[in-house]
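Trainee: Fold the following for me, if possible:
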Amino acid sequence: MRDKPPAEPPSSEVTPEKTYLRRRELLKNAGLFAGTAVAVAGGLHLLGRKQTRPMERFVPDAGLVEQPVAQAMGPFDTDEPRTPYEDVTTYNNFYEFGFDKNDPARFAHTLKPKPWSVVIDGEVHKPRTVDVEQLTSWFSLEERVYRMRCVEAWSMVIPWLGFPLAALLQRVEPTSHAKYVAFTTLLDPEQMPGQRRALLDWPYTEGLRLDEAMNPLTLLATGLYGRQLPNQNGAPLRLVAPWKYGFKGIKSIVRISLTREEPMTTWRLSAPREYGFYANVNPSVPHPRWSQASERRIGDFERRPTLPFNGYAEQVAHLYTGMDLRRFY
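Mentor: Here you go, the predicted model:
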């Protein structure tokens with residue numbers, strides 16, 4: 001799927017990537033932030049909070065976040081070079097706005113991410129409908145620098161802003177019957193003109209097993225590169241599960257439902273022989289039409305080997321003990 005703001009900031013206002021990275025390094029070297037720890041309680045893995053330092057309170061209309069953001073490198077961050085902001089926001093899949101990689105950047109200005117509410121329901125003790133601004137105010141935003149591997153065999157490294165999905169699920173208190181988490185994208189052809197075409201069964205839906213959703217890697221992102229999430233990247237709220245192929249990262253979420261049964265997902269419905277529910281990055285399992293053994297990092301000329309679970313095996317491989325990973329394409 002694909003994702004740009006109503007009017008992308010001019011290049012003169014975008015902080016150069018080298019300057020951004022240099023600032024992070026200076027902050028880290030100055031010891032302004034404490035490290036993080038991983039806490040495990042009752043089988044539920046939760047990230048230890050990064051110590052935060054409030055950033056300048058930028059005006060939201062300028063595209064920058066208001067909440068304090070943790071900037072120290074966390075235990076799951078990668079130190080690989082970041083994909084430049086302009087590439088992240090102009091090369092992606094978001095079929096609600098067109099089929100070409102630059103269509104979301106060209107056409108997503110029709111999306112209106114404010115006001116925006118999210119329904120949280122299903123197998124929870126405290127279902128609710130909440131405005132996304134209130135939702136994000138419940139949590140301190142964290143920066144997570146993750147690899148992103150598209151099923152099409154290209155990849156990026158993106159500094160996301162967001163909060164652990166586990167923190168939200170804990171707040172609504174899943175029932176003992178909850179086994180899965182289903183996500184739904186906005187359905188509105190006026191705002192998402194690509195939905196007028198019958199390419200997929202709209203609205204876009206995705207899902208995770210509950211323990212995957214509770215894994216500390218799993219993020220609900222509200223921004224990237226220190227800015228609010230651009231429309232073309234899934235504003236105002238999207239899922240990030242970095243050990244899975246990118247199509248699992250559902251964008252512009254309006255509903256999060258906890259279910260007893262495995263939810264049907266859009267790509268499984270559209271092409272069940274090509275896109276499975278788990279969609280874990282697995283270089284040894286080819287797509288029916290191409291190899292997944294290597295990838296092209298956007299901005300690079302040469303291909304590189306793809307890592308099992310996109311390099312996050314240490315954090316997530318235990319979730320699939322005893323399961324035949326060859327079946328989880």
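
Trainee: What pLDDT does the model give the nearest residue to Asn282 once chain neighbours are set aside?
Mentor: Closest residue to Asn282 apart from its sequence neighbours, by C-beta to C-beta, 6 or more residues apart in numbering: Leu325 at 5.9 Å. In this view, the C-beta of every residue, glycine as well, is placed from N, C-alpha and C. Per-residue pLDDT puts Leu325 at 79.

Trainee: Also Gly74?
Mentor: On the pLDDT scale, Gly74 gets 75.

Trainee: Then Gly207?
Mentor: Confidence score, pLDDT, at Gly207: 98.

Trainee: what distance separates the helix or strand hosting it from the middle of the whole chain?
Mentor: Assigned by DSSP states H and E, Gly207 belongs to strand 205-209. Offset of strand 205-209 from its chain centre (C-alpha atoms, centre = their mean, to the nearest Å): 13 Å.

Trainee: Can you tell me who the most centrally placed residue in the chain pairs with across the strands?
Mentor: Nearest to the mean C-alpha position of the chain, by C-alpha atoms, centre = their mean, lies Val240 at 2.1 Å. Note on Val240: beta-bridge partners Leu219, judged by DSSP bridges.

Trainee: show me where the stretch 101-250 of the chain has helices.
Mentor: For the stretch 101-250 of the chain, the helices defined by DSSP state H, counting those that start in this stretch occupy 103-107, 132-137, 165-172, 210-214.

Trainee: Can I get the ones you listed in a markdown table including mean pLDDT, distance to Asn233 and mean neighbour count?
Mentor: Formatted as a markdown table, these follow (pLDDT from 0 to 100; distance: least, C-beta to C-beta, whole Å; neighbours: other C-beta atoms under 10 Å):
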| stretch | mean pLDDT | distance to Asn233 | mean neighbour count |
| --- | --- | --- | --- |
| helix 103-107 | 97 | 8 | 22 |
| helix 132-137 | 96 | 15 | 17 |
| helix 165-172 | 98 | 17 | 19 |
| helix 210-214 | 98 | 21 | 20 |
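
Trainee: and the residue nearest to the centre of the chain, what does it touch?
Mentor: Arg144, Tyr146, Met148, Trp160, Gly162, Thr218, Leu219, Leu220, Ala221, Gly249 (C-beta atoms under 8 Å, 6 or more residues apart in numbering).
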